[in-house]
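# sequence and predicted structure are below.
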Amino acid sequence: MNAINEVSNSGRYARCIQASKRVRWDMEEDVIRGRRLDATHKFLPDGLSLADEFTTLSADEKRFVSQIQGRTYANVFGLVERFINAKILELSHDHWFGDQIVLEALVRFSDEELKHQALFRRIDTMVGDILPDGYCFDVDPDAVAHAVLGKSTWAVLALTLDIELFTQLHYRQSIDPDTELSELFKDVFLYHWKEESQHAILDELEWVRHDAGLTAEKRDRAVDEFIELVAAVDGILQAQAKADAGYFAAKCGRAVDEAEARAIEAAFLKAYRWQYIHSGAQHPHFGKVLSSLITENQGQRIQAALATLQ
Ligand SMILES: [Fe+2]
Ligand SMILES: [Fe+2]
């Protein structure tokens, strides 16, 4: 990396610190503010829950679906932020000495992800207080983090940038004028987005920095590992779609026959793939950064893998 790039990148890390200080929020004082969730509200906006895909459900049932998905949203973020934080702490090792601005930016990033995990645990409990018993999210964040961190840093940073960019799109969906959407859930999207904006910039800076030290062979292997990580995310989403569809059918208060149960599970899976895979993969900035690092053939391999997850 040449001297001019180093200077301008140092400025970008410094601007992330400034933004992090400016937007910093407290979970209880700024986000929760003594509020409780209300079961008459939707938790996820229709554009994320893909409400229209649940064609056999009434409006009340679609609201229940958005609440189940809202709880799963909190759990999925609690899960991914465990490995994101561990990777950021690991990368901070490269900056222990030298540019302390970069180190401070990553330490703040890590601190924010710990706070976000606490927020998402809080939201999971709050949703649990008002929804029927029986919801299940049976995935251990530490086990997933161990598996993810077994892949190369390049692959983990690719997945991380993808995730941290799609939180911005999720925020934009949540500001849709929908009077049935929970104000508290809207604030979760808003406050999370405020800090994720800096994280996405830092992911990109660290990814490009790390990429510069890789051989073409190592990068090629890392592309395959990124594809493996996306497939692993999809495995979690398939299991959760099944669990959430089963919970819906058991608690919606009417009989759901086998054909309808299958259609509901397929709609849950489509929504989860949209939320956690395709909304990031289709993000223009993710495509721009990714394509600047890989060959056309590697890009085609990624697109072919994504196309199987429809
Ligand atoms: Fe976060
Ligand atoms: Fe983040």
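Arrived safely. Residues are numbered from 1 along each chain as shown. Ligands and ions are numbered 1, 2, ... in the order given.

# skipping its backbone neighbours, what lies nearest the residue of the chain found nearest ligand 2 in space?
The minimum distance from the chain to ligand 2, using CB to the ion, falls at H199 (3.5 Å). To be clear about C-beta, it is placed using only N, CA and C from the backbone, and glycine gets the same treatment. Distances taken as CB to CB, 6 or more residues apart in numbering place E164 nearest to H199, at 4.7 Å, with adjacent residues excluded.

# ok, the one you found touching Q198?
No: under the criterion of CB atoms under 8 Å, E164 makes no contact with Q198, lying 9.2 Å away.

# compare those two and say which is more crowded by neighbours.
E164 (27 against 23; other CB atoms under 10 Å).

# ok, the more buried one to P284 distance?
Distance, E164 to P284, using CB to CB, to the nearest Å: 15 Å.

# same deal with E296?
Taking CB to CB as the measure, E296 falls 18 Å from P284.

# A59 too?
Counting by CB to CB - A59 and P284 are separated by 34 Å.

# now do I227
Note on I227: its distance to P284, by CB to CB, is 21 Å.

# and these two? Which one has more around it.
Between I227 and P284, counted using other CB under 10 Å, I227 has the larger neighbour count: 18 against 8.

# show me the contacts for L79.
139, 141, 144, 236 (CB atoms under 8 Å, 6 or more residues apart in numbering).

# can you check D129 too?
Taking CB under 8 Å, 6+ apart, we find D129 in contact with 36-37.

# just confirm the residue of the chain closest to ligand 2 contacts F166, I think it does.
No: assessed by CB under 8 Å, H199 is found out of contact with F166, at 11.9 Å.

# please report phi then psi for the residue nearest the centre of the chain.
The centre of the chain sits closest to I163, judged by CA atoms, centre = their mean, with a distance of 4.3 Å. I163 adopts backbone torsions of phi -60, psi -40, taken as degrees, to the nearest 10.

# surely it and I84 touch.
Yes: between I163 and I84 there is a contact under CB under 8 Å: 7.1 Å.

# state whether C136 is indeed within a helix.
No: with DSSP: H, G, I helix; E, B strand; the rest coil as the criterion, C136 is located in coil rather than a helix.

# which non-adjacent residue is nearest it?
In space, C136 is closest to A243, 5.1 Å off (CB to CB, 6+ apart).

# output stretch 108-128 in CSV with nothing but the alpha carbons.
Extracted C-alpha coordinates of stretch 108-128, given in CSV (Å, rounded to 0.1, in the frame of the first residue of the first chain):
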residue,chain,number,x,y,z
ARG,A,108,-14.9,1.1,19.7
PHE,A,109,-16.3,-1.2,17.0
SER,A,110,-15.9,-4.2,19.4
ASP,A,111,-17.4,-2.3,22.3
GLU,A,112,-20.4,-1.4,20.2
GLU,A,113,-20.9,-5.0,19.1
LEU,A,114,-20.9,-6.1,22.7
LYS,A,115,-23.6,-3.5,23.5
HIS,A,116,-25.6,-4.6,20.4
GLN,A,117,-25.5,-8.2,21.6
ALA,A,118,-26.9,-7.1,25.0
LEU,A,119,-29.6,-5.1,23.2
PHE,A,120,-30.7,-8.1,21.1
ARG,A,121,-30.7,-10.4,24.2
ARG,A,122,-32.9,-7.7,25.9
ILE,A,123,-35.3,-7.6,22.9
ASP,A,124,-35.5,-11.4,22.8
THR,A,125,-36.6,-11.4,26.4
MET,A,126,-39.1,-8.6,25.9
VAL,A,127,-40.7,-10.4,22.9
GLY,A,128,-40.8,-13.6,25.0
